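>>> the amino acid sequence is not available; the structure is as follows:
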């Protein structure tokens, strides 16, 4: 399964990339493209492109950004204008308190994770990976 990885206002990118690669390799995940975005508009463009190419898009970072650039704010705006319901979304919480999100629409999945390798490893639990694998194969 191919996936795209987008760093959004992220830190520790190489460590985070390694953590994501290791976690997703367990379900046959292979990165197709790794990109970065530093504005909400650029992120929107990257996500739009990604969803046309791969069934899984992973966003790393952006949760500690201020105001309109915060990933939670950006995702809220995007999803408020879509047909997605709460059944399609799930909040993920690491022991550190850092949050992530998984959003599913048909066989497309958007996984948003904090830019901390330890949190990424914890949030990518066996249950989450099994869910992703099941939904992507649809």
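Arrived safely. All of these numbers come straight from a predicted model, not from anything done at the bench. Numbers count the residues shown, from 1 in each chain.
>>> what about the residue nearest to residue 37 when sequence neighbours are not counted, distance to residue 97?
The shortest distance from residue 37 to any non-neighbouring residue, by Cβ to Cβ, 6 or more residues apart in numbering, is to residue 43 (4.0 Å). The way it works is simple: take the backbone N, C-alpha and C, and place the C-beta from them, glycine included. When Cβ to Cβ, to the nearest Å is the yardstick, residue 43 and residue 97 sit 23 Å from each other.
>>> these two touch, right, residue 58 and residue 114?
No. Residue 58 is beyond contact range of residue 114, at 11.8 Å (criterion: Cβ atoms under 8 Å).
>>> who's more crowded, those two?
Shown here are residue 58 and residue 114; by other Cβ atoms under 10 Å, residue 58 has more neighbours (28 against 25).
>>> who's that one bridged to?
Counting by DSSP bridges, residue 58 forms beta bridges with residue 5, residue 111.
>>> can you pull out the low-pLDDT segments for the protein?
Regions of the chain meeting the criterion pLDDT under 70 cover residues 80-87, 138.
>>> thinking again about what came up before, contacts only, for the residue nearest to residue 37.
6, 8, 37, 59, 62, 74 (Cβ atoms under 8 Å, 6 or more residues apart in numbering).
>>> ok, now with 10 Å
6-9, 35-37, 59, 61-62, 69, 71, 74-75, 78 (Cβ atoms under 10 Å, 6 or more residues apart in numbering).
>>> next one: residue 13
The contact partners of residue 13, by Cβ under 10 Å, 6+ apart, come to 5, 7, 34, 36, 60, 61, 115.
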